[in-house]
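1. Mind looking at a prediction? Sequence and model below.
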Amino acid sequence: MGHIMTRTRGFTLVELLVVIAVIAILMAMLMPALSRAREAAKRISCANNLKELTLAWMMYADDNDDKVAPARADQQDPGKGWTGWNYFDYPEEDQISLIKGGLLYKYCNNVKAYRCPVSPKHEGLRTYCISSTWNNERAANFGVKESQIVREFSAVKRPGERNVFVDNVGVDFDGLYTVLYGIPEWRNIPNWRHNNGTTVSFADGHAKYWKWKNLDLTVEVAKKSYAYAMQTKGISSMLNQGDQSGNEDLQRVQRATWGELGYIPK
């Protein structure tokens, strides 16, 4: 009795096209979720960096008679600031040397902790800044009184509300993030790269994500200002800000920096 030959049925062209279409639809549905998951992971990594640096900042004060590290880096001598001046067009070894020469490196010797994972490579190895309220010698430049500059850790009131490190956009060479006090205007450019938000650490050691609420007055102005900063190789001020008197984002940063608003909000 002979063997009966059977023919295995394959996919028709139409069936293959249907399968491909279904896969394409599933990929289109999954890609935004995967993108959000990657961004969330980078945001968590950024917050952990800020926590690590803030712990170093607190340990420095503990070892130095309660004095906090100067917020502004010294252009000539990194040993006089929390870190060295950030020349991001310098060779990598020079940038590492400037980080290692800063006052906080003894307490945070992980060079990768000084840089946000979403920052572009051209911004260099140090993209974080310290808020301008901490041991800052240039208080008068920001319209604040000497009494608002905090020089000793024990003098901090409501440490869970006062920011220390700010995830920056990498155009502030001096390691100092500044926001004005007495008027409703930004100074340095706020970061928006974490899904239209930034990460911030506080004097009690915690860090959190801030999502900006005003896309026009915060995010769009920041993007345009950053583009100008790149063209001019470092001018890091916010430009053409519009009426910021009712911008909740700006008020949030000002309160976290100075402890209060220096004007009556709109």
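-> Everything's here; your move.
2. What segments of the stretch 1-150 of the chain are strands?
-> Per DSSP state E, counting those that start in this stretch, the stretch 1-150 of the chain carries strands over the ranges 128-131.
3. which residues are contacting stretch 154-164?
-> Residues outside stretch 154-164 that contact it (CB atoms under 8 Å, 6 or more residues apart in numbering): 54, 57, 66, 130-131, 133-134, 150, 200-204, 206, 253, 255-257, 259. The C-beta positions use only the backbone N, C-alpha and C, and glycine is treated the same way.
4. same thing but at 7 Å, please
-> The contact list for stretch 154-164, computed with CB atoms under 7 Å, 6 or more residues apart in numbering, reads 54, 57, 66, 130-131, 134, 150, 200-204, 206, 256-257, 259.
5. Looking at those residues, spot the one nearest residue 105.
-> Checking the contacts of stretch 154-164 against residue 105 by CB to CB gives residue 57 as the nearest, at 11.8 Å.
6. distance of the closest one from residue 159?
-> From residue 57 across to residue 159, the span is 12 Å (CB to CB, to the nearest Å).
7. out of the two, which sits in the busier spot?
-> Counted by other CB atoms under 10 Å, residue 57 and residue 159 do not tie: residue 57 has more neighbours, with 26 against 14.
8. That one against residue 103, yeah?
-> No: with contact defined as CB atoms under 7 Å, residue 57 does not count as touching residue 103 (9.3 Å).
9. Could you name every residue contacting both of those two?
-> Common contacts of residue 57 and residue 103 (CB under 7 Å, 6+ apart): residue 69.
10. centre of the chain versus stretch 127-146, how much separation?
-> Distance of stretch 127-146 from the chain centroid (CA atoms, centre = their mean, to the nearest Å) equals 17 Å.
11. residues touching the residue lying closest to residue 69 once chain neighbours are set aside, list them.
-> Distances taken as CB to CB, 6 or more residues apart in numbering put residue 82 closest to residue 69, at 4.1 Å, once the chain neighbours are dropped. When contacts are counted by CB under 7 Å, 6+ apart, residue 82 touches 69, 70, 71, 73, 102, 103, 104, 130, 175.
12. ok, now residue 133?
-> Shown in contact with residue 133 (CB under 7 Å, 6+ apart): 148, 149, 150, 257, 258.
13. That one and residue 186: what is the separation?
-> From residue 133 to residue 186 the distance is 16 Å (CB to CB).
14. And residue 178, by the same measure?
-> Applying CB to CB, the value for residue 178 to residue 186 is 9 Å.
15. and the gap between residue 260 and residue 62?
-> Taken as CB to CB, the span from residue 260 to residue 62 is 27 Å.
16. cool, and residue 115?
-> From residue 115 to residue 62 the distance is 25 Å (CB to CB).
17. between the two, who's got more neighbours?
-> Just comparing residue 115 and residue 62: by other CB under 10 Å the higher neighbour count belongs to residue 115, 21 against 11.
18. Check residue 6 and give its pLDDT.
-> On the pLDDT scale, residue 6 is placed at 55.
19. should've said residue 35
-> Listed pLDDT for residue 35 reads 62.
20. what do you get for residue 232?
-> So residue 232 comes in at 80 (pLDDT).
21. Low-confidence stretches in the stretch 1-150 of the chain?
-> Confidence mapping of the stretch 1-150 of the chain against pLDDT under 70 gives the ranges 1-11, 15, 30-37, 140.
22. Just the helices from it, written as ranges.
-> Here the stretch 1-150 of the chain has its helices, by DSSP state H, counting those that start in this stretch, at 13-63, 92-100.
23. Tell me where the stretch 151-266 of the chain has strands.
-> 163-167, 176-177, 197-202, 207-211.
24. Residue 248 contacts residue 211, correct?
-> No: contact criterion CB under 7 Å: residue 248 and residue 211 do not qualify, at 11.4 Å.
25. Buried ones only from the contacts of stretch 154-164, please, as a ChimeraX command.
-> Here is the ChimeraX command that selects the buried residues among the contacts of stretch 154-164 (16 or more other CB atoms under 10 Å):
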select :54,57,130,131,134,150,200,201,202,203,256,257,259
